Each structure stands twice: as structure tokens, then as C-alpha cells.
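S.K.: Requesting a structural model of the entry that follows:
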Amino acid sequence: MSTSNHHAAPRSSLIDLSIIIVSWNVCDLLRRCLQSIAAARGDLRLDVIVVDGGSIDGSPQMVAREFPDVHLIACQENVGFPKGNNMGMVHAAGRYIMLLNPDTEVIGAALSWLVTFLDNHPDVGAVGPQLLYGDGRVQSSRRRFPTLATAFFESTWLQPYAPPHLLRRYYALDLPDSETADVDWVVGAALMTRREVVGQVGEMDEGYFMYSEELDWCRRIKEAGWRVVYLPAAQIIHHEGKSSEQAVTARHIHFQRARLRYLQKFHGTVPAFCLRLFLLTSYLYQLLLEAAKGIVGHRRDLRWQRVNAYWQVLRSGLRPAGYDR
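M.R.: Below is the predicted model of the structure:
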């Protein structure tokens, strides 16, 4: 099913919030997520849409059996995060639309806090809650836009050598965790926006499969003149990466290709080519290093597992997602 050029469902005054959950093989976590939404809805008029990406763990059957009021879209394959959310937006009837990961749990009145904030701040186009780890620690969830320098240091082997101010600025570490703040973008694990924002800036870019799509979306929202805000009064638990950790090699490839797509879209072909060359060289170095350790017999099974993973990354070519030419 193609979702290109889809438009969201007509606005309904009866629905405050449409929550879209794109899920893949996290049945137990999805159940807890849906239970937390039911407990947190309060007086809000909600519709909940689950887009399942071909799960084989019984997730679609669980949703249909235990949550009959949830609108289930069962796909035959894993369609990815942006396309799955776009499919959900076609059926969203709320004034506001929330993207929510299946590995999250809504705490208390978080949904009401977010809806009320958008009601009271008509210039805000997107708002994100404070994300917490399962043990209650604050999870980094707000960012500033990456610069060219950030792209070469963040999440590469150079990160330990990055100038402190560079990543401090990117991760917005100068902003207190407990204070509401304007930011450039918020993590897509829990992100609420307006129906009119989607109509103005368009849906998520399906050229991404996962990673960086919310960065891209928030950039377009900001460029259209809307504010993006971090609201710590609303809290949501995020059991980070429970879907992507099922396919570690694919995660490497999707993560780096997404970064390259973003860089190419917003900074140009030359910087994206330079970063791609740098990343491929880095993965080749890591492959050779792991192979050498394996040859001398140091934790051989682990070494060959990593060699295979890095080889798969190199074979992919890390061409920017959507630019396979």
C-alpha cells in the first residue's frame, strides 16, 4: 500500500487526540502501552491507531482481541516508521496527532498536559514530553539541529574526541531537564502535533525507514514558522530501542543512511559524500581490527559476528536513503 500524497482524515470536533503507534514484534510492550493510554485518557476524546509492520509475535491478534476499540492496520511487512505513521495519519480524526512508540508507557495526565499546552499556545507546532527510562532516570529527548561538525562526531568513533561544547549544544544539555523550553526537535518516540501542521508541512518523509525522520519533520515544522517545545510536566516512560535491537546490523545501516539522507537534503551533496566516505572507512577499519583479534583467538565467536555485521554495512554502501543511484 502506497501512502504518498495521502491527506489526513477530515477534522472531527468530536476527537481531541489521535495516537498513532507503529509496532513491530513487541507484543508485550505494546499491550502495556495501550493499557497505559486507557488509564491516562481522563476526559480526552481519543482514537488510537496501531500500524503493525508484519509482526510474527501475535501482536495484531492481541490488539484485535484485547483492544477492540483500537483501529488496527495490519501490514504484511515492516513498512518502517515514517510510512507507518503516514498510514495512520490517513485515519486520524483528532484535532491533534501524536506519534507514540510501542515501547512507551504514559504516566498520569501526560496526554492531557500535552493537549492543554497546545490549546493554550497556538504558535506551537509540535511538543514532546519528558522521556524516562524504566528506572526513572531522565532520557535525553530534545535536541538542536545538527551542524556539519556534529555529523562527523556524533555517533561515530570520533565522539569521545568531540569538543565538549559541540555535543553539549546538540543534546541541549544547557537546558534544565525540569524546565519547559523551545528546542529545534524532539525525539519521535513521543511527539504531538496539530492537524493543521501536517496539512501545511506534509507528512513524514518516507525516504527514511527509521531514524532522523522526526528531525527532518521538526525542521520542516520550524521552517514553516511554528515553535517546537519540550514539556517536562508531561512524562512518558520509554523502553528505548526494543524493536530495533532485534536487528542490530540493519539498525546500523538504517541509522547511518538516515543521517546521510538528512545531510544531503539540508546541507548538500558534497558534505553527505564526505560523511559517507568517512563512515565507510570507519567501518572498514573496525572490520579489519575485529578480524585481527579473531585471528589471534581473542573471543573468536564475538569477533566474527562483528566482522559479519561490519561487512554487511559495507556491502550496503551506506547510500543516503532515497538516493540509490
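S.K.: Now do Trp226 against Asp123, distance only.
M.R.: Remark: distance between Trp226 and Asp123 (Cβ to Cβ, to the nearest Å) = 7 Å. The C-beta positions use only the backbone N, C-alpha and C, and glycine is treated the same way.
S.K.: Glu240 - that's part of a strand, no?
M.R.: No. Under the criterion used here (DSSP: H, G, I helix; E, B strand; the rest coil), Glu240 is coil, not part of a strand.
S.K.: more neighbours, Trp226 and Asp123?
M.R.: The neighbour count for Trp226 versus Asp123, taken as other Cβ atoms under 10 Å, is higher for Trp226 (21 against 8).
S.K.: The more buried one contacts Gly125, doesn't it?
M.R.: Yes. Counting by Cβ atoms under 8 Å, Trp226 does reach Gly125; the two are 2.6 Å apart.
S.K.: Can you work out which residues contact both of these two?
M.R.: Taking Cβ atoms under 8 Å, 6 or more residues apart in numbering as the contact criterion, the common neighbours of Trp226 and Gly125 are Val197.
S.K.: Quick one: residues contacting the closest residue to Arg220 other than its chain neighbours.
M.R.: Closest residue to Arg220 apart from its sequence neighbours, by Cβ to Cβ, 6 or more residues apart in numbering: Val201 at 4.4 Å. The neighbours of Val201, taking Cβ under 8 Å, 6+ apart as the test, are 217, 220-221, 224.
S.K.: Quick check: helices, which of those are part of them?
M.R.: In helices, defined here by DSSP state H, the members of the contacts of Val201 are 217, 220-221.
S.K.: Assign the residue minimising distance to the centre of the chain to helix, strand or coil.
M.R.: With distances taken as Cα atoms, centre = their mean, the chain has Gly188 as the residue nearest its mean C-alpha position (3.9 Å). Secondary structure, three-state DSSP: Gly188 is coil.
S.K.: residues contacting it?
M.R.: 81, 99, 101, 213-214, 217.
S.K.: So which residues of the stretch 101-250 of the chain form strands?
M.R.: In the stretch 101-250 of the chain, the strands defined using DSSP state E, counting those that start in this stretch lie at 104-106, 124-132, 138-139, 142-143, 181-183, 185-186, 190-194, 227-238.
S.K.: Just put those in CSV and tack on mean pLDDT and mean neighbour count.
M.R.: Formatted as CSV, the entries for those read as follows, by pLDDT from 0 to 100; neighbours: other Cβ atoms under 10 Å:
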stretch, mean pLDDT, mean neighbour count
strand 104-106, 97, 24
strand 124-132, 98, 25
strand 138-139, 96, 15
strand 142-143, 96, 24
strand 181-183, 97, 16
strand 185-186, 97, 26
strand 190-194, 98, 25
strand 227-238, 98, 22
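S.K.: In CSV: those strands, plus distance to Phe117.
M.R.: As requested, the strands of the stretch 101-250 of the chain are arranged in CSV below (distance: least, Cβ to Cβ, whole Å):
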stretch, distance to Phe117
strand 104-106, 15
strand 124-132, 6
strand 138-139, 19
strand 142-143, 15
strand 181-183, 12
strand 185-186, 13
strand 190-194, 9
strand 227-238, 5
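S.K.: quick one: which of the contacts of Val201 is most hemmed in?
M.R.: Result: Trp217 is most packed of the contacts of Val201 (other Cβ under 10 Å), 28 neighbours.
S.K.: Quick check, that residue in contact with Gln200.
M.R.: No. Counting by Cβ under 8 Å, Trp217 does not reach Gln200; the two are 11.9 Å apart.
S.K.: Can you pull out the low-pLDDT segments for this structure?
M.R.: The model of the chain has pLDDT under 70 over residues 1-13, 241-247, 321-325.
S.K.: let's see it at 80
M.R.: Counting by pLDDT under 80, the chain contains low-confidence residues at 1-13, 240-249, 251, 297-299, 320-325.
S.K.: Just name whatever secondary elements the longest helix anywhere in it is in contact with.
M.R.: Taking DSSP H as the criterion, the chain has its longest helix at helix 269-295. Of the remaining helices and strands, those touching helix 269-295 by 3 or more Cβ pairs under 8 Å, 6 or more residues apart in numbering; DSSP states H and E are helix 148-153, helix 248-267, helix 300-316.
S.K.: and among the ones you listed, the most buried is which?
M.R.: helix 248-267 (a mean of 21; mean count of other Cβ atoms under 10 Å).
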